[in-house]
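# need a structure here:
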Amino acid sequence: MDLRRAAPATAALLALTAACTGGTVEGTPGASGLRDPYFPKAGNGGYDVTHYGLKLDYAPGTGELSGTAEITATAGQDLSAFNLDLEGMEVESVRVDGEGARFNRVGQELTVRPSDELRKGRTFRTVVRYSGTPQPIEDPDGSEEGWIETDDGAVAVGEPQGSMAWFPGNHHPADKAAYDVEIAVPKGYEAVSNGVLKSRTERDGSTVFRWHSPEPMAGYLATLAVGKYTVTASRTASGLPVLTAVRPEEATDSAAALKRIPEVVDWGTRRFGPYPFSATGAIVEDDGTLGYALETQSRPIFSGAPDTELLVHEMAHQWFGNSVSPRSWRDMWLNEGFATYAEWLWAEDHGGPSAEKRFRTFYDEDTDADPEADGSYWAFPPAEPPGAEHISDSPVYYRGAMVLHRIRQEVGDEAFSALVRGWAAAHRHGNADTKEFTAYAEEETGKDLSGIWETWLYGDGKPAE
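Down below sits the predicted model:
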């Protein structure tokens, strides 16, 4: 057979086959969840996101949000399909590297089938156009997150799974990415997000805000607040941009705490190492809007005016939780234990009770000294919450902080300080879990801390003295 004569016919046959079948796509679908121990559907397998570009238009009067999400990712395997997390909203179209892609919806899973296989290691861009009225998402503990409407706008909060209410993505803290958010709102409204405000322009009766977050961010830490805020911009002594957005009703009561943001950042830098982000600040909603504060990256959100202790807690999360993010939601104590202990350290450094005294107050369950010292934190080990509804319970916070103080008691102040700074540096802009922390603590201090892990971190009930 003359192969040279057969080649054109073969090529024509292959072209016809491709036209009839839509192309031959090999590979395998990416997983529809990352099997998180508490939120198994959260996140997706098969790829790693490096950047989100969100272009949004929001109408506070109707609650309608329309958006285009451009998601840049790298395939971790040969992909025939992959999933994005998106709750509610109507998907109008999906394109992968400029080509139309088939898609379908089942619950929070948006399954995308590109026209061609995505080879392992390939960087690809997915563009999703969507619209609708985003809604709150109820957590297992009964609290609400996601997209929360306010009197004149809305605020988006995401811990642990709410970000999928307003943009499609790989919504698990194990996959962090840079963000650019462009949002158009009616003239007279403010729109505040994470990071640095790159521009603010007027366009056809709207104001367009462009926000840039260059450092990796877990999806649950992304935020967007639209409303009639009082916005104040300044800089720290080192030149770090500070932007606060405050509901006018909360301005007076918030002023004292927010004025201390530069001081808290400088203190955290001395205690924990260099501040990890390119901006800082805060968003203050009306009291009762959320019922909780949240450490949204570079710009924490408060529901009502914060006091200094709460400000310190949320700012400490910028190092512990935001820069060093949990590998799974089981590792929540690495967020909250560190942030709670930061409160104790701040008090110790500013004329309040020492961390040792706070530890003793909680160990002795002395509610006269602190109403929170009620013994509820002995309910379960901080590293093993019994279910998703318990990841924000008191053992994760207070007993988590007590674990850290027990390490300090064992290794001494100097070694403990070096351990905390080293941990923040070693996993800066990354993820870590409890096993990594326990191994790191023993390696860096040269101490066998297994007794602390067995009794304080994983043990049941109140440890014996």
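# nearest spatial neighbour of residue 285, skipping sequence neighbours?
Distances taken as C-beta to C-beta, 6 or more residues apart in numbering put residue 303 closest to residue 285, at 5.2 Å, once the chain neighbours are dropped. C-beta here means a position set from N, CA and C on the backbone, and glycine is covered the same way.
# give me the distance between residue 129 and residue 384.
42 Å (C-beta to C-beta, to the nearest Å).
# return the residues in contact with residue 126.
69-71, 73, 84, 94-96, 101, 112 (C-beta atoms under 8 Å, 6 or more residues apart in numbering).
# between these, which is nearest residue 152?
Using C-beta to C-beta, residue 69 is the member of the contacts of residue 126 that lies nearest residue 152, at 25.4 Å.
# count of neighbours near that closest one?
21 (other C-beta atoms under 10 Å).
# quick revisit: between the contacts of residue 126, which is closest to residue 53?
residue 70 (4.0 Å).
# number of residues surrounding that closest one?
Going by other C-beta under 10 Å, the residues that sit close to residue 70 add up to 15.
# next, it: phi, psi?
Backbone dihedrals for residue 70, given as degrees, to the nearest 10, come out at phi -100, psi 120.
# also the one 4 residues further on?
Main-chain torsions, residue 74, degrees, to the nearest 10: phi -120, psi 130.
# that one bridge partners, please.
residue 48, residue 123 (DSSP bridges).
# hang on, isn't it packed against residue 123?
Yes - counting by C-beta atoms under 8 Å, residue 74 does reach residue 123; the two are 5.1 Å apart.
# need the residues touching each of those two.
With C-beta under 8 Å, 6+ apart, residue 74 and residue 123 have common neighbours residue 50.
# who touches the residue nearest to residue 285 in this structure?
285-293.
# please tell me how far it sits from residue 267.
On the measure of C-beta to C-beta, residue 303 and residue 267 end up 24 Å apart.
# what of residue 439?
29 Å.
# and for residue 312, the neighbour number?
Residue 312: 26 neighbours (other C-beta under 10 Å).
# can you pull the phi/psi pair for it?
phi -60, psi -40.
# mind listing what the closest residue to it other than its chain neighbours touches?
Nearest non-adjacent residue to residue 312, counting by C-beta to C-beta, 6+ apart: residue 346, 4.6 Å away. With contact set as C-beta under 8 Å, 6+ apart, residue 346 has these partners: 264, 267, 308-309, 312, 352.
# in the helix or strand hosting residue 346, what's buried?
Here residue 346, judged by DSSP states H and E, is contained in helix 333-349. Residues of helix 333-349 classed as buried: 333-347 (neighbour count, 16 or more other C-beta atoms under 10 Å).
# residue ranges for the helices of the stretch 351-465 of the chain, please.
355-363, 394, 400-411, 413-426, 434-445, 450-452 (DSSP state H, counting those that start in this stretch).
# of these, which is nearest residue 31?
Short answer: helix 434-445, nearest of the helices of the stretch 351-465 of the chain by C-beta to C-beta, at 22.3 Å.
# run a quick neighbour tally on residue 413.
Neighbours around residue 413, by other C-beta under 10 Å: 10.
# distance of it from residue 441?
Distance from residue 413 to residue 441, by C-beta to C-beta: 15 Å.
# what do you get for residue 77?
34 Å.
# which one of these two has more residues nearby?
residue 441 (24 against 18).
# that one and residue 418 touch, don't they?
No - between residue 441 and residue 418 there is no contact under C-beta under 8 Å: 10.9 Å.
# residue 374 and residue 184: what is the separation?
Relative to residue 184, and taking C-beta to C-beta, residue 374 is found at 48 Å.
# so for those two, which sits in the more crowded spot?
Ranked by neighbour count (other C-beta under 10 Å), residue 374 and residue 184 place residue 184 first, with 20 against 14.
# and the more buried one, what element?
strand 177-186.
# with residue 71 instead?
Using DSSP H and E, residue 71 falls in strand 64-75.
# centre-most residue in the chain?
The centroid of the chain falls nearest to residue 221 when counting by C-alpha atoms, centre = their mean (2.7 Å).
# name the nearest residue to that residue, sequence neighbours excluded.
residue 297 (4.0 Å).
# where does that neighbour fall, phi/psi-wise?
The phi/psi pair for residue 297 (degrees, to the nearest 10) is phi -60, psi 130.
# could we number from 20 for the rest of this?
Okay, using 20 as the starting number, the last item reads as residue 316.
# that one: neighbouring residues, count only.
Considering only other C-beta under 10 Å, residue 316 is surrounded by 28 other residues.
# list the residues that contact it.
Residue 316 touches 213-214, 232, 234, 236-237, 240-242, 296, 337, 341, counting by C-beta under 8 Å, 6+ apart.
# quick check: pLDDT value at residue 45.
Predicted confidence (pLDDT) for residue 45: 80.
# what's the residue nearest to residue 197 when sequence neighbours are not counted in contact with, if anything?
Once flanking residues are discounted, residue 197 sits nearest to residue 70: 4.9 Å by C-beta to C-beta, 6+ apart. Applying C-beta under 8 Å, 6+ apart to residue 70 gives the contacts 90-91, 196-199.
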